[in-house]
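Asker: Sequence and predicted structure, then a few things I'm wondering about:
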Amino acid sequence: MKYVSTRGGMSPQPFSEILLEGLAPDGGLAVPESYPSVDAATLEQWRSLSYDELAVEVLSLYISDVSRADLNRLTKAAYDPALYVGETMVPLKPLNKQLSLVGLSQGPTLAFKDMAMQFLGQVFEFVLTQRNATINILGATSGDTGSAAEYALKGKKGVNVFMLSPQGRMSAFQRAQMYSLQDQNIHNLTIKGVFDDCQDIVKQIAGDLGFKSQWRLGAVNSINWARIAAQVVYYFWAWLRATNESSQQVSFAVPSGNFGNILAGHIARQMGLPIRKLVLATNENNVLEEFFRTGIYRPRGSEHTYATSSPSMDISKASNFERFIYDFLGRDPQALSAVWKQLADTGQFDFSDRLDELHDTYGFVAGVSTHADRLSTIRKVWADTGVLIDPHTADGVKVANEHLEPGIPMLVLETALPAKFSETIEEAIGEPAPVPDHLTHLADLPQRVIEMDAEAELVMNYIKSHASI
Ligand SMILES: *Cc1c(COP(=O)(O)O)cnc(C)c1O
């Protein structure tokens, strides 16, 4: 399997070459040359596999330059049940006859991003050790990416992490989780701005190719292909748990921000997994919902990005969206580049004449959830089932309920546990979310963080004085 750029300017590369890169050299995103397909007989054979075994099957389709024996070892370490709370790996948790949560948030940072990041940490260390190389990870986070990356990479040999986060935009729990890490290879930079400002700085620095190669910069934010590939695994896993025959379809509802999680669902669907609908849920920052409803894509600037009570979805320029549009344009890099140029020139593009394709061929539908919806959904699910869900998952449940179809199980991806967003839980049900035992003292730990204005140059100077090369 080789990887090319959505914009056509990169010669085909194996997995371990693109693993350590952020954007492709031409400013595009790395994508596999084609999607492998998985037939019904193979799906049936996969029913009895454990999570790490299934991960080997799916990931080996995308990673042909790491041996199967090594992949076995890496997935065993990443998906060791001891790292995850609860009895089973990625359980399906039924809320009613038709609707279930997919329990993706039982990892070290209580968010679904651990599912991909734990694998990434393993495969990073493996490839770096093989090459006797070092890397300086530069990333932006609105909360969960940062902590998941830091927990996956803390103490790893050959890796430094420089993580930008928007000041005052994360929950107290998220801040405590990230800023309490004392590992010397972890650097938290809190930026005076919103998430998109952080992401723009990362893009600007990574776009400076001289700086990028001199300081061996890499990325683990949601454009990292290994993360997308690792996320594909749990769509297969959830489908295998929700069905008992290979023709049965399910729909997935996905609380979305940077379009990484649901992109993995799109890929699973392209590979032949019987997915009926991909239900995209946004909060008040509804750029993606608008696109799938109207066909018009109009990303917004940071001044029009609202701070909401599902903060990990406060994104108005979804960094993975280009990968979907590349597929939608028949995987034609010229066409993609033209559309992206139009976007840069005019601030939008318009596929309103192809809405049927978006909905029927690609299976996408979308909906919005507001603060009031979040509170009432948390309250109702709690009252009806005794299950407490976090605000992001609540956005997913709210929109999932608007797209139920007879006979089609609806699986809502649980993207975080409620303990991470207790302020909103308290507002919804009048009591705080329970904190897992091993994290009750988190808030008391000393925090280690550097404050900075939203300027790329300040970040570059910091990297120069703290990176290893
Ligand atoms: C990252 C995140 C999302 C959004 O996922 P994307 O892959 O960026 O679309 C939703 N909910 C939570 C809790 C997250 O951490």
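Answerer: Ah, there it is. In this text, all values refer to a predicted model and were calculated from it rather than measured experimentally.

Asker: Name the surrounding residues that touch stretch 444-461.
Answerer: Counting by Cβ atoms under 8 Å, 6 or more residues apart in numbering, the neighbours of stretch 444-461 from elsewhere in the structure are 138, 162, 164, 167, 175-176, 178-182, 187-193, 197-198, 201, 204-205, 208, 211, 462. In short, each C-beta sits where N, CA and C put it, glycine included.

Asker: Quick check: end-to-end length of it?
Answerer: As for stretch 444-461, its first-to-last residue distance stands at 31 Å under the measure Cα to Cα, to the nearest Å.

Asker: Kindly report the same for stretch 390-409.
Answerer: The first and last residues of stretch 390-409 sit 21 Å apart, counting by Cα to Cα.

Asker: mind listing the helices for the stretch 151-300 of the chain?
Answerer: Per DSSP state H, counting those that start in this stretch, the stretch 151-300 of the chain has helices spanning 172-179, 195-207, 209-214, 225-242, 261-270, 287-294. These are given in chain order.

Asker: With the ligand in mind, check whether the longest one reaches it.
Answerer: In this case it means helix 225-242. No. With Cβ under 6 Å from any ligand atom as the measure, helix 225-242 is seen stopping short of the ligand, the closest distance being 7.8 Å.

Asker: got the angle for that helix vs helix 261-270?
Answerer: For the pair helix 225-242 and helix 261-270, the angle between their directions (axes from the mean of the first three to the mean of the last three Cα atoms, to 10 degrees) equals 60 degrees.

Asker: Let's test this: mean pLDDT of helix 225-242, rounded?
Answerer: Helix 225-242 shows a mean pLDDT of 97 in the predicted model.

Asker: Restricting to C-alpha, output it in CSV.
Answerer: Included here for helix 225-242 are C-alpha records, laid out as CSV according to Å, rounded to 0.1, in the frame of the first residue of the first chain:
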residue,chain,number,x,y,z
TRP,A,225,-3.1,9.1,8.6
ALA,A,226,-2.2,6.5,11.2
ARG,A,227,-4.9,7.8,13.5
ILE,A,228,-7.5,7.6,10.8
ALA,A,229,-6.5,4.1,9.9
ALA,A,230,-6.6,3.0,13.6
GLN,A,231,-10.1,4.6,13.8
VAL,A,232,-11.4,2.5,10.9
VAL,A,233,-10.9,-0.6,13.2
TYR,A,234,-13.7,0.3,15.6
TYR,A,235,-16.3,0.7,12.9
PHE,A,236,-15.6,-2.9,11.9
TRP,A,237,-15.6,-3.9,15.6
ALA,A,238,-18.9,-2.2,16.3
TRP,A,239,-20.6,-3.6,13.2
LEU,A,240,-19.4,-7.1,14.1
ARG,A,241,-20.9,-6.7,17.6
ALA,A,242,-24.2,-5.2,16.4
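
Asker: Could you list the contact residues of the stretch 1-150 of the chain toward the ligand?
Answerer: Applying the criterion Cβ under 6 Å from any ligand atom, the portion of the stretch 1-150 of the chain that neighbours the ligand consists of Ala111, Lys113, Asp144.

Asker: quick one: which of these is nearest to Ala335?
Answerer: Nearest to Ala335 among these, counting by Cβ to Cβ, is Lys113 at 31.4 Å.

Asker: wait, what's in contact with Ser16?
Answerer: Residues in contact with Ser16, defined by Cβ under 8 Å, 6+ apart, are Ile63, Asp65, Val66, Val127.

Asker: Most neighbours among those residues, which one is it?
Answerer: For those, neighbours were counted using other Cβ atoms under 10 Å, and Ile63 has the most, 23 neighbours in all.

Asker: Please report how far Leu280 lies from Gly193.
Answerer: Taking Cβ to Cβ, to the nearest Å as the measure, Leu280 falls 26 Å from Gly193.

Asker: would JSON lines of the helices of the stretch 151-300 of the chain with mean neighbour count be doable?
Answerer: As requested, the helices of the stretch 151-300 of the chain are exported to JSON lines (neighbours: other Cβ atoms under 10 Å):
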{"stretch": "helix 172-179", "mean neighbour count": "22"}
{"stretch": "helix 195-207", "mean neighbour count": "22"}
{"stretch": "helix 209-214", "mean neighbour count": "12"}
{"stretch": "helix 225-242", "mean neighbour count": "23"}
{"stretch": "helix 261-270", "mean neighbour count": "25"}
{"stretch": "helix 287-294", "mean neighbour count": "21"}
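
Asker: how about TSV for those, with distance to Ser352 added?
Answerer: Putting the helices of the stretch 151-300 of the chain into TSV (distance: least, Cβ to Cβ, whole Å) gives the following:
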stretch	distance to Ser352
helix 172-179	37
helix 195-207	25
helix 209-214	37
helix 225-242	28
helix 261-270	20
helix 287-294	6
